[in-house]
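> quick check, what structure comes out for this input:
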Amino acid sequence: MTAKTSICDSSNGQTIMGDALYMPRKELDELQSKMLRAVVKRVYENNAFYKKKFDAAGVKPEDIHGIQDIHKIPFTEKTDLRDNYPYGLLSVPRNELVRMHASSGTTGKPTVVFYTKNDIKTWAGMFARCLSVVGVTRDDVFQVTPGYGLFTGGLGFHYGGEELGCMVIPMGPGDTRKQIDMMQDFGTTVLGGTVTYSLRIAEVCHELGLDPKSLGLRIGVFGAEHWTDGMRDKIEKIFGFEAYDIYGMSEMFGPGIGIDCPKHEGIHMWEDHFIVEIVDKKGEPCAEGERGEIVLTTLTKEGMPLLRYKTRDLSRILGACSCGITHRLIDRVSGRTDDMVIVRGVNVFPGQIESVLMKYPQIGPEWYAYAFRNEFGSMDHLQIKVEANGTSKELLQIRDTILRELTSTLMGLKPELTFVPVGTLPRQEKKTRRLIDLRK
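Next up, the predicted model:
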């Protein structure tokens with residue numbers, strides 16, 4: 001674990017690093033209860049949507065005494081953000097806002113989030129905490145490859161790096177040869193972005209006759225996609241760095257609301273900023289270790305605080321991390337409720353497939369799975385295409401083994417497995433959707 005440092009978050013007077021990470025559990029619970037009471041009162045008094053929602057549920061702010069009463073608060077859904085577009089979820093006057101971000105919407109309306117000046121400072125502080133936890137220091141050069149603009153990725157990484165005090169190279173996505181030139185010229189040591197784009201950087205290195213390890217990167221911080229420990233092993237071997245999974249979403253500030261530490265035992269969620277719940281399909285709390293949907297409540301966001309927001313991300317609560325950080329540990333996100341594809345009654349998630357494929361050294365990191373219906377429209381199938389290295393004989397020897405393991409993992413659903421040469425499948429510079437339903 002890296003040494004403790006202190007970065008002041010002026011929005012709530014707390015310390016971003018140092019004792020805040022190791023606060024005794026009882027004190028952290030008491031802090032959350034105090035902050036929950038305050039945010040509930042504030043949104044009830046300042047937001048018509050939440051007042052109506054609370055009144056319909058027969059709940060008043062004074063009914064919420066602490067985190068033990070959070071179940072009384074109604075859930076907030078993604079559809080609520082779209083239904084209240086553009087300003088319906090604000091809890092401050094519009095002239096207190098300094099920024100907005102948005103993500104594309106499936107109904108034509110984007111999901112929009114807003115920030116006060118203090119919100120920007122809070123977000124930068126959380127991201128700086130993430131970077132410090134994984135060992136980034138002021139001496140590092142941090143190359144930011146997520147997109148800038150309405151997407152929260154680029155600016156989240158950027159402001160977090162600047163808050164920590166390292167030098168930031170604001171590249172954004174694309175122009176991969178220039179990315180490599182900048183790494184070589186300016187001595188980039190930390191790469192921020194997506195796993196998908198890091199793989200593209202590695203491919204262009206090989207095209208240029210470069211070993212990706214020669215770039216001298218020591219840390220990779222990757223978000224926006226769900227990736228497995230098997231994928232971590234592959235990219236770490238490619239680059240020679242240590243890779244970390246950073247968690248976040250636009251509705252909760254953006255990237256940087258949690259990260260896995262050097263122990264790699266799960267994602268630490270910053271509980272002085274959020275209350276974390278895991279619920280089942282009925283909205284009931286899951287037991288520790290039981291997988292369900294992540295539900296988050298913002299405690300420090302001013303412009304657009306959200307209560308019990310159903311994220312659609314799937315995870316589970318884990319026990320305490322051996323690193324000593326007391327903030328709640330969740331398992332790395334295994335998928336989303338809307339990433340799931342049902343094939344012959346079996347729920348299929350991308351993480352299930354990747355967890356099997358990445359065990360085999362002959363299998364490359366690029367793969368896609370397609371759910372489709374046969375030409376008569378009477379039977380659903382799952383086809384997996386994966387890039388592989390090796391002779392036909394070598395691949396034939398492992399094919400049956402991989403198929404057996406995939407079938408077992410997918411609860412008896414036997415997919416079609418096709419090996420294709422390296423470089424055959426499409427490449428993406430942004431986050432990649434690897435499980436595609438062709439029946440829609």
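> residues near residue 186, how many?
Residue 186: 12 surrounding residues under other C-beta atoms under 10 Å. The way it works is simple: take the backbone N, C-alpha and C, and place the C-beta from them, glycine included.
> which ones are touching it?
If you count contacts by C-beta atoms under 8 Å, 6 or more residues apart in numbering, residue 186 has them with 141, 167, 169.
> surely the first one touches residue 184?
No: under the contact definition of C-beta atoms under 8 Å, residue 141 does not touch residue 184, with a separation of 11.4 Å.
> show me which of those two is the more surrounded one.
residue 141 (19 against 13).
> beta partners for the more buried one?
Residue 141 forms beta bridges with residue 167, as assigned by DSSP bridges.
> which ones are touching the residue most central in space within the chain?
Nearest residue to the geometric centre of the chain (C-alpha atoms, centre = their mean): residue 247, 3.4 Å. Neighbouring residues of residue 247 by C-beta under 8 Å, 6+ apart: 223, 255, 257, 258, 259, 267, 269, 333.
> tell me the bridge partners for the fifth one.
Residue 259 forms beta bridges with residue 246, residue 268, as assigned by DSSP bridges.
> please report the distance of it from residue 162.
18 Å (C-beta to C-beta, to the nearest Å).
> more neighbours: those two, which one.
Remark: of residue 259 and residue 162, residue 259 carries more neighbours, 25 against 16, as counted by other C-beta under 10 Å.
> didn't that one look like it was pressed against residue 132?
No: the criterion here is C-beta under 8 Å, and residue 259 misses it with residue 132 at 9.9 Å.
> is it true that residue 70 touches residue 276?
No: if you go by C-beta under 8 Å, residue 70 and residue 276 don't touch, sitting 10.4 Å apart.
> find residues that contact each of these two.
Residues touching both residue 70 and residue 276 by C-beta under 8 Å, 6+ apart: none at all.
> now the helices for the stretch 1-150 of the chain?
Listed in chain order, the helices of the stretch 1-150 of the chain (DSSP state H, counting those that start in this stretch) span 25-46, 48-57, 78-83, 117-133.
> got phi/psi on residue 311?
phi -80, psi -20 (degrees, to the nearest 10).
> counting by contacts, list what the helix or strand containing residue 237 packs against.
Using DSSP states H and E, residue 237 maps to helix 229-239. With contacts defined as 3 or more C-beta pairs under 8 Å, 6 or more residues apart in numbering; DSSP states H and E, the packing partners of helix 229-239 are helix 195-207, strand 219-222, strand 242-249, helix 350-357, strand 363-373.
> right, and those - which one's nearest residue 117?
strand 242-249 (19.9 Å; C-beta to C-beta).
> how about that closest one: buried residues?
242, 243, 244, 245, 246, 247, 248, 249 (16 or more other C-beta atoms under 10 Å).
> find the nearest non-adjacent residue to the residue nearest to the centre of the chain, please.
Take residue 247 and drop its neighbours on the chain: the residue closest to it by C-beta to C-beta, 6 or more residues apart in numbering is residue 258, 4.1 Å away.
> what about the one you found, how many neighbours?
Residue 258 is flanked by 31 other residues according to other C-beta under 10 Å.
> where does the stretch 1-150 of the chain have low pLDDT?
1-19, 104-109 (pLDDT under 70).
> residue boundaries of the strands in the stretch 301-440 of the chain?
Secondary structure of the stretch 301-440 of the chain by DSSP state E, counting those that start in this stretch: the strands cover 309-315, 329-330, 335-336, 341-343, 346-348, 363-373, 380-388, 416-420, 435-437.
> those strands: lowest mean pLDDT?
For these, mean pLDDT drops lowest on strand 335-336, to a mean of 77.
> now for that strand, which elements pack on it?
If contacts are counted by 3+ C-beta pairs under 8 Å, 6+ apart, strand 335-336 sits against strand 309-315, helix 350-357.
> any chance you could list what contacts that strand?
Counting by C-beta under 8 Å, 6+ apart, residues outside strand 335-336 touching it are 226, 312, 313, 314, 349, 350, 351, 352.
> most surrounded residue in those residues?
residue 350 (25 neighbours).
> check contacts around that one.
Going by C-beta under 8 Å, 6+ apart, residue 350 touches 226, 335, 339, 369, 434, 435.
> spit out the contact partners of the residue lying closest to it once chain neighbours are set aside.
Using C-beta to C-beta, 6+ apart and skipping the chain neighbours, the partner closest in space to residue 350 is residue 435 (4.5 Å). For residue 435, the contacting residues are 339, 341, 348, 349, 350, 353, 368, 369, 371, by C-beta under 8 Å, 6+ apart.
> how about the contacts of residue 350, which pair is most distant?
Greatest spacing in the contacts of residue 350, by C-beta to C-beta: 226 and 369 (13.4 Å).
> max pairwise distance over the contacts of residue 435: which two?
For those, the farthest-apart pair by C-beta to C-beta is 349 and 368; their separation is 14.3 Å.
> coming back round to it: need the helices of the stretch 1-150 of the chain in JSON lines (columns: distance to residue 410 and mean neighbour count).
Conversion of those to JSON lines gives the following (distance: least, C-beta to C-beta, whole Å; neighbours: other C-beta atoms under 10 Å):
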{"stretch": "helix 25-46", "distance to residue 410": "38", "mean neighbour count": "17"}
{"stretch": "helix 48-57", "distance to residue 410": "39", "mean neighbour count": "15"}
{"stretch": "helix 78-83", "distance to residue 410": "28", "mean neighbour count": "17"}
{"stretch": "helix 117-133", "distance to residue 410": "34", "mean neighbour count": "25"}
